[in-house]
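>>> sequence? don't have it. structure:
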């Protein structure tokens with residue numbers, strides 16, 4: 001009799017759990033599947049985000065390949081030559097590359113139900129790609145190296161800091177490539193010729209530039225807002241300067257590769273990136289959300305409050321090899 005009561009209680013507990021959490025039940029009932037994500041999102045953030053998604057969808061496992069956007073682009077080109085792209089999803093900072101992939105027919109159109117909450121200028125109308133986060137190239141200053149009042153307040157004045165200034169490399173970093181393309185399209189190569197003449201240092205990527213700034217190797221850096229905000233949160237004596245001309249606001253799109261072997265899992269990941277829950281997770285990592293109904297990190301502007309320079313996405317995509325070659329010739333030779 002006692003055994004019967006114990007079994008009844010056990011079955012009742014299962015019923016209660018299943019009733020209270022039907023999403024978990026349906027997810028666990030599905031067979032396990034895998035999606036492969038190629039991303040330039042910094043590895044700690046990408047790993048944490050993937051874990052958050054997998055907690056919500058335990059039936060889907062995310063495999064990550066993380067590198068700079070330009071390096072990911074080279075990987076895509078190499079895979080294209082030997083049988084096709086292996087990624088299911090892309091989440092990069094090199095926004096122009098999405099136009100190239102779209103025009104080659106290599107992206108699967110998908111209009112997520114969550115995409116209605118993303119501004120029209122941050123997504124492709126047919127759903128080939130949609131902004132997953134808004135990252136902003138700004139001027140950061142180490143207040144213990146250069147007083148805030150003496151730091152450059154505009155892109156125009158940035159090169160004048162000379163050897164105390166640093167930036168990331170567009171041969172590796174997609175957001176830096178977008179920045180270079182924007183500057184060149186607007187004013188030609190004069191900014192970079194002046195930066196080279198005055199000794200501005202080029203490091204590998206934005207994380208390296210920000211860490212070197214925090215370590216007092218430089219006084220100012222061209223880098224991304226959320227990386228600097230994260231370092232400030234940890235106690236680094238840094239400050240963010242929003243350039244007078246405007247920031248370079250990169251929408252960092254998420255997209256599904258046309259040849260995906262797991263379209264449903266890929267769609268679920270895109271939905272999560274664009275969802276309120278996914279965007280709020282990014283906010284906790286100091287990232288400005290693409291959704292207008294999600295509050296930005298404390299002390300940071302919302303997307304609608306940011307003054308930004310217009311980015312020539314399609315021109316940058318069409319001229320990418322020439323832009324990178326000219327940059328390398330000016331800054332490294």
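In hand now; what should we look at? Because the structure is predicted, anything quoted here is derived from the model rather than measured.
>>> And the strands in this structure?
For the chain, applying DSSP state E gives strands covering 33-39, 60-66, 89-91, 107-108, 130-131, 135-142, 165-167, 201-202, 220-224, 238-241, 248-250, 253-257.
>>> Pipe these into TSV and attach mean neighbour count, mean pLDDT and distance to residue 266 per row.
Yep, even glycine has a C-beta here, placed from its N, CA and C like the rest. Listed next are those as TSV, based on neighbours: other C-beta atoms under 10 Å; pLDDT from 0 to 100; distance: least, C-beta to C-beta, whole Å:
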stretch	mean neighbour count	mean pLDDT	distance to residue 266
strand 33-39	21	98	5
strand 60-66	17	97	9
strand 89-91	25	98	5
strand 107-108	20	98	8
strand 130-131	24	96	13
strand 135-142	26	98	22
strand 165-167	25	98	34
strand 201-202	19	98	35
strand 220-224	30	98	26
strand 238-241	19	98	34
strand 248-250	26	94	22
strand 253-257	26	98	5
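>>> mind checking which of those is nearest residue 278?
Taking C-beta to C-beta, strand 253-257 is the member of the strands of the chain nearest to residue 278, at 9.8 Å.
>>> Redo the strands of the chain as CSV? Include distance to residue 173.
Below are these laid out as CSV (distance: least, C-beta to C-beta, whole Å):
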stretch, distance to residue 173
strand 33-39, 13
strand 60-66, 13
strand 89-91, 15
strand 107-108, 22
strand 130-131, 18
strand 135-142, 10
strand 165-167, 9
strand 201-202, 10
strand 220-224, 9
strand 238-241, 18
strand 248-250, 10
strand 253-257, 16
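>>> For residue 257, which residues are in contact?
With contact set as C-beta atoms under 8 Å, 6 or more residues apart in numbering, residue 257 has these partners: 85, 87, 88, 89, 90, 106, 107, 108, 266.
>>> For those residues, which two are the farthest from each other?
106 and 266 (13.8 Å).
>>> which of these two has more neighbours?
Using other C-beta atoms under 10 Å as the criterion, residue 106 and residue 266 rank with residue 266 on top: 25 against 19.
>>> From what I see, the more buried one and residue 34 are in contact.
No: counting by C-beta atoms under 8 Å, residue 266 sits too far from residue 34 to count as a contact (10.6 Å).
>>> What distance do you get for the spatially closest residue to residue 99 that is not a sequence neighbour to residue 67?
Excluding its sequence neighbours, the residue lying closest to residue 99 (C-beta to C-beta, 6 or more residues apart in numbering) is residue 317, at 4.4 Å. Look at residue 317 and residue 67: by C-beta to C-beta, to the nearest Å, they are 19 Å apart.
>>> Compute the first-to-last residue distance for stretch 259-268.
Start-to-end span of stretch 259-268 (C-alpha to C-alpha, to the nearest Å) is 16 Å.
>>> okay, now the domains of this structure?
Domain assignment for the chain, taken from automatic domain parsing, gives 31-134+251-296, 135-249+308-332.
>>> got those domains as JSON lines, with distance to residue 302 columns?
Formatted as JSON lines, the domains of the chain follow (distance: least, C-beta to C-beta, whole Å):
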{"stretch": "domain 31-134+251-296", "distance to residue 302": "5"}
{"stretch": "domain 135-249+308-332", "distance to residue 302": "12"}
